[in-house]
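predicted coordinates and the sequence they were generated for:
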Amino acid sequence: MHGLMVKQRRKLHRVQVEKAPRLGLIRPTPQGFIVTARLHDGQTPDDYEDVLEKLAHAWRVHGVRLVSWKPGRVTLSATLVDPLEMAAGLEVAAEGLLRVRVGLLDDGNPFVIDFRTVPHWLNVGATQSGKSNLANALIVGLSPQPVALVGFDLKGGVEFTPYQARLSALATERHECAGLLAELVAVIKSRMELCRQHRVKNIWHPRLPEGARPIPIVVLVDEMAELFLMADPDNEKEEVAAVATRLLRIAQLGRAFGIYLFVCGQRVGSDLGKGVTALRAQLTGRICHMVNDDETAKMCLGDMDRHAVAAARQIPPDRPGTAVVIGSDSRWHRARSAHVLEEEAEAAAEAYAHRAPSWQSLTAPFAGDAEQAAELDESEIEEFTEPDLEDLPV
Ligand SMILES: Nc1ncnc2c1ncn2[C@@H]1O[C@H](COP(=O)(O)OP(=O)(O)OP(=O)(O)O)[C@@H](O)[C@H]1O
């Protein structure tokens, strides 16, 4: 027994985490180089994630990322200059239905918002960090597409009114938002009925005749906090609760019924209430621009990857449009959006105004009172929350 203990203790003593890396061959890449490091006993890839910034300084390079790992070894990629410097001159491009290339990732790949693979997004950042610029990029990329756009603009309309020509509906006050959200849930309910009639689980299923397939709806929300903050809880509680529930229903069921959320805000904090935390869990696409407080970075990225939080806190204020993004691959990337002026987005909205379906045509399938139609029971929600991925549009 004693011998075993001594052996164990020796083994434990062998474990040292901070040791010089054992590097393999250095291979050049267009942006810098790639190198493999063998892990010392007791090291994990996480230990490397924790010291990437130190490595970048030691190697005198712009940045180091851990690109992959196998048992016992990690592969690191170093970039000599910031690839995001090149994003400024990029153009936004539609890359298929509901898919927009909005900028560049720091591994040189395009930064793509693809609602087909990641249906709902949270876009946060301090003032002047580049949130609206990204929304502008989406307007430019989505306007020519056969999709409906709906705006919730709690900044009194300053953000989305310029694009009204291409919007099928716009709400600027919270009570209007509550009504419009009820109508969207009612749209979901009518699409549910349609799917039941054709015995399919989502609107993309091939069994649904092409003519019967409803048009996708992208919902843009700006300033999320305004939907949840209460100046006078006694009078506003009910409305806030209704807004929170309806947003959550849209997030839970949107993927199956072609309704997608892009939610922007300066701040996401637990003080906004449980509704925000529940909603956040459904917004699996995350974009964190420069933020002023740790809590917002943590709320935006922390539940996905703690290293992403540290990366977001390092975004310099003089690089608007730079963000830490978690998208379809569930890994975090530094990214920068293409620079899109409000005028460009406005021009795109005007040019494609004829593509905006009328709100009446979108809500036609449900007759009567939206508030009532917006009631859903748990079994209905469960029935449609996990659509088959193969059915999503191509
Ligand atoms: N990707 C980018 N490249 C270059 N400049 C950018 C980029 N994104 C934003 N900017 C510039 O940074 C400034 C702030 O951007 P934007 O208005 O999008 O910030 P915001 O986060 O929406 O701010 P606010 O909350 O105050 O509306 C603008 O002048 C904009 O042109």
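Received the coordinates, thanks. Everything quoted here is computed from the prediction, not taken from an experiment.

in the stretch 51-200 of the chain, which spans are strands?
Using DSSP state E, counting those that start in this stretch, the strands of the stretch 51-200 of the chain run over residues 63-70, 73-79, 93-94, 99-105, 110-114, 120-124, 148-153, 167-171.

looking at those, which is closest to residue 210?
Proximity to residue 210, assessed across the strands of the stretch 51-200 of the chain by C-beta to C-beta, is greatest for strand 148-153 (17.4 Å). (C-beta placed from N, C-alpha, C; glycine too.)

between strand 167-171 and the closest one, find me the angle.
Between the axes of strand 148-153 and strand 167-171, defined by axes from the mean of the first three to the mean of the last three C-alpha atoms, to 10 degrees, the angle is 20 degrees.

can you show me the helices along the chain?
All helices of the chain, identified by DSSP state H, fall at 2-14, 45-50, 52-59, 131-142, 174-197, 224-228, 233-257, 274-282, 294-297, 306-313, 342-351, 359-363, 370-373, 378-384.

just say which of those helices is most tucked in.
Neighbour counts (mean count of other C-beta atoms under 10 Å) averaged over each of these peak at helix 131-142, with a mean of 26.

and that helix with strand 148-153, angle?
170 degrees.

the helices of the chain: which one's closest to the ligand?
Comparison of the helices of the chain against the ligand by C-beta to the nearest ligand atom identifies helix 131-142 as nearest, at 3.2 Å.

which helices and strands sit right next to the closest one?
Under the contact definition 3 or more C-beta pairs under 8 Å, 6 or more residues apart in numbering; DSSP states H and E, helix 131-142 sits against strand 93-94, strand 99-105, strand 120-124, strand 217-222, strand 259-265, strand 332-337, helix 342-351.

can you show me the CA trace of that helix as CSV?
The C-alpha atoms that make up helix 131-142 are tabulated as CSV, following Å, rounded to 0.1, in the frame of the first residue of the first chain:
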residue,chain,number,x,y,z
LYS,A,131,-23.9,46.7,-34.4
SER,A,132,-26.0,48.8,-36.8
ASN,A,133,-23.3,48.4,-39.5
LEU,A,134,-23.9,44.6,-39.3
ALA,A,135,-27.7,45.0,-39.4
ASN,A,136,-27.1,47.3,-42.5
ALA,A,137,-25.1,44.4,-44.1
LEU,A,138,-28.0,42.0,-43.5
ILE,A,139,-30.4,44.5,-45.1
VAL,A,140,-28.2,44.7,-48.1
GLY,A,141,-27.7,40.9,-48.4
LEU,A,142,-31.4,40.0,-47.7
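
chain center to that helix: distance?
Relative to the mean C-alpha coordinate of its chain, helix 131-142 is positioned 13 Å out (C-alpha atoms, centre = their mean, to the nearest Å).

swap in stretch 80-97?
For stretch 80-97, the separation from the chain centroid amounts to 18 Å (computed by C-alpha atoms, centre = their mean).

touching the ligand at all, that stretch?
Yes: contact of stretch 80-97 with the ligand (C-beta under 6 Å from any ligand atom) involves residue 88.

let the chain start at 57 from now.
With the count now opening at 57, the last piece we talked about shows up as stretch 136-153.

for that stretch, what is the average pLDDT?
In this model, stretch 136-153 carries a mean pLDDT of 83.

ends of it, how far apart?
End-to-end distance of stretch 136-153: 35 Å, with C-alpha to C-alpha, to the nearest Å as the criterion.

hmm, who's touching it?
87-88, 117-119, 156-160, 162-164, 167-168, 170, 172, 193, 196-198, 200-203, 272, 375, 377-378, 390-396, 449-450 (C-beta atoms under 8 Å, 6 or more residues apart in numbering).

give me the buried positions along that stretch.
Of all the residues in stretch 136-153, those buried under the rule 16 or more other C-beta atoms under 10 Å are 138-140, 143, 146, 148, 153.

distance to residue 228 added to those, as a markdown table?
Converted to a markdown table, these look like this (distance: C-beta to C-beta, whole Å):
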| residue | distance to residue 228 |
| --- | --- |
| 138 | 38 |
| 139 | 38 |
| 140 | 34 |
| 143 | 31 |
| 146 | 31 |
| 148 | 26 |
| 153 | 29 |
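
stretch 168-183 near the ligand anywhere?
Yes: using C-beta under 6 Å from any ligand atom, stretch 168-183 reaches the ligand at 181, 183.

quick one, which of the contacts of stretch 136-153 are buried?
When neighbours are counted using 16+ other C-beta under 10 Å, the contacts of stretch 136-153 contain these buried positions: 87-88, 117-119, 156-160, 162-163, 167-168, 170, 172, 193, 196-198, 201, 203, 272, 375, 377-378, 390-396.
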